[in-house]
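Visitor: Sequence and computational prediction follow.
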Amino acid sequence: MNYCDKIDYTIYTSEVGSFDCMVNELMVQLPDDRSILRLIVFGAPVNNVQFVEQREHLRACCHEKFSDKMPALTYVPQPPLEGGLVMEVHSYMPGEKDIVRFSEHEGYSYVIVENECARLLYAGGFQADLSVCILDQSREVFRLIGELLGKEKFPIASITRQWNYIERITAWDGKNQHYQMFNNARGEFYSLDRWENGYPAATGIGTMVGGVSVDIDAVIFKSKCCFATPIDNKLQVAAHEYSSDVLKEAGGEKATPKFERAKSMTFGDRRLVYVSGTAAIRGEESLKGVGVERQMNVTIDNISQLIGNDRIRMLRVYLKNPKDYETVRRHLSSREQSVPISYLWADVCRDELLIEVEGIAMG
């Protein structure tokens, strides 16, 4: 069975209630017949104290449920626009010869999958001391990731998908913008390897609280018919080639956001496409003053450029303004029928952008 047939992406939603009840409601929905690789839970803590309390409660519940088969786990402080909590689940149906190994590094759970085509790593929820600046948090997070990759003998450039959650992403600490501080730290980390096959697909998105948190998928291929390919959009400048005109400053530096618009993993005659966080950008400029509906249509057109005839399997929609939810949901639901979609309240990486969409497609 092909990897694309073994991997699955599902979204579960709870009713509004106490945090404990909402977590329990999500846990009972999880499948028992599949290996759970990754859980991402989206919630609405009001401050960092509550965020840490809820994150630790979630970890305890997951440890109780999964014991020695703990998946990668991330709690993201982005309020869902539907229900109480939203949980995104990445799961796997192993074949007879596949190996699925659950492990831990400095308190962070991760999973290794090995099959005839590749060795894959799923890890996340990496965080640092929330009281220090975004730059120092980012550096510590990348230190943890680098240690794990080294421990499991994955090169840094084996990262194929990265999710970056940044508290108040467009805010400034003096003359230093949060997102730019993160980009500078990411650039430092990435400079430790040679990226001969493009950067990862990635999302850089804001959170209400929670500091910096990063998730990664990484892969080492074992067969010539299995490989990764960076995907460009002819309508957009590659993010890692942005001019200084559209970059902010942090510490006198302006490192570009180092990611590809999308990245595919080919497994024989099938492929999976990681679609990066995508917005209404043409060239390197945002569409300004056009409203959320126009930005949404341009965003979906950009995604179509990336995936071609491949079929979307899951979408995450980040909205700057909750009031736009019904408009966006109505249009996307009619356009992407039967596709699992989560709608989240989050700040996008540019002040003028009202919507960002990421996803996974298969062909």
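Guide: Arrived safely, thanks for sending. On a predicted model such as this, the values are computed, not experimentally measured, just so you know.

Visitor: dump the residue contacts of the residue nearest to Met208 when sequence neighbours are not counted.
Guide: Distances taken as C-beta to C-beta, 6 or more residues apart in numbering place Pro77 nearest to Met208, at 5.2 Å, with adjacent residues excluded. C-betas here are computed from N, CA, C, even on glycine. Counting by C-beta atoms under 8 Å, 6 or more residues apart in numbering, Pro77 makes contact with 42-45, 51, 207-210.

Visitor: what number of residues lie near the nearest residue to Val46 once chain neighbours are set aside?
Guide: Computed as C-beta to C-beta, 6+ apart, the closest residue to Val46 that is not its neighbour in sequence is Val209, at 7.7 Å. For Val209, the count of nearby residues is 17 (other C-beta atoms under 10 Å).

Visitor: With Ala201 instead?
Guide: For Ala201, the count of nearby residues is 29 (other C-beta under 10 Å).

Visitor: Likewise for Ser191?
Guide: Every residue meeting other C-beta under 10 Å relative to Ser191 is counted, giving 12.

Visitor: how much space is there between it and Gly283?
Guide: Relative to Gly283, Ser191 is positioned 26 Å away (C-beta to C-beta, to the nearest Å).

Visitor: Likewise for Ala346?
Guide: Where Gly283 is concerned, Ala346 sits at a distance of 24 Å (C-beta to C-beta).

Visitor: The residue most central in space within the chain pairs with what?
Guide: The chain has Trp163 as the residue nearest its centroid, 2.9 Å off, counting by C-alpha atoms, centre = their mean. Beta-bridge pairing of Trp163 under DSSP bridges involves Thr203, Asp215.

Visitor: Use 507 as the first number for this chain going forward.
Guide: All set: I'll call the first residue 507, so the last point we hit is now Trp669.

Visitor: right, and it touches Asp721 too?
Guide: Yes: taking C-beta atoms under 8 Å as the definition, Trp669 is a contact partner of Asp721 at 4.2 Å.

Visitor: which residues do these two both contact?
Guide: Residues touching both Trp669 and Asp721 (C-beta under 8 Å, 6+ apart) are 546, 580, 630.

Visitor: Outside of the least confident helix or strand in the chain by mean pLDDT itself, which residues are in contact with it?
Guide: Within the chain, no helix or strand scores below strand 791-792, which has a mean of 82 by mean pLDDT, DSSP states H and E. Strand 791-792 has contacts (C-beta under 8 Å, 6+ apart) with 752, 785-786, 856, 858-859.

Visitor: partners of it, with directions?
Guide: Counting by DSSP bridges, strand 791-792 is paired with strand 787-788 (antiparallel).

Visitor: Strands of the stretch 707-856 of the chain, start to end?
Guide: Taking DSSP state E, counting those that start in this stretch as the test, the strands found in the stretch 707-856 of the chain are 707-713, 718-727, 732-737, 768-773, 776-784, 787-788, 791-792, 817-825, 847-851.

Visitor: can you tell me the helix or strand for Asn703?
Guide: Following DSSP states H and E, there is no helix or strand that holds Asn703.

Visitor: Distance-wise, check it relative to Met714.
Guide: 35 Å.

Visitor: In terms of packing, which of the two has more residues around it?
Guide: Neighbours per residue (other C-beta under 10 Å) separate Asn703 from Met714, with Met714 holding more: 19 against 14.

Visitor: thinking the more buried one is in contact with Pro585, fair?
Guide: Yes: contact criterion C-beta under 8 Å: Met714 and Pro585 qualify, at 7.1 Å.

Visitor: Which residues are in contact with each of these two?
Guide: With C-beta under 8 Å, 6+ apart, Met714 and Pro585 have common neighbours 550, 851.

Visitor: what's the burial count for the residue lying closest to Ala745 once chain neighbours are set aside?
Guide: Leaving aside its sequence neighbours, Ala745 sits nearest to Pro763 (C-beta to C-beta, 6+ apart; 4.5 Å). Pro763 has 23 neighbouring residues, counting by other C-beta under 10 Å.

Visitor: and Pro763, how far is that from Arg776?
Guide: Plainly put, Pro763 is 29 Å away from Arg776 if you go by C-beta to C-beta.

Visitor: just Phe525 next, same as before
Guide: Counting by C-beta to C-beta, the separation of Phe525 from Arg776 is 39 Å.

Visitor: Who has more neighbours out of these two?
Guide: Taking Phe525 and Arg776 together and counting by other C-beta under 10 Å, Phe525 has the greater number of neighbours (18 against 15).

Visitor: Run through the chain and note the low-pLDDT ranges.
Guide: 750-752, 754-758 (pLDDT under 70).

Visitor: Most distant residue from the centre of it?
Guide: Most peripheral residue of the chain (C-alpha atoms, centre = their mean): Glu602, 29.5 Å.

Visitor: What helix or strand is it located in?
Guide: Glu602 belongs to no helix or strand, assigned by DSSP H and E.

Visitor: and what of Lys659?
Guide: Lys659 belongs to no helix or strand when elements are defined using DSSP H and E.

Visitor: And Asp574, by the same measure?
Guide: Under the criterion DSSP H and E, no helix or strand holds Asp574.
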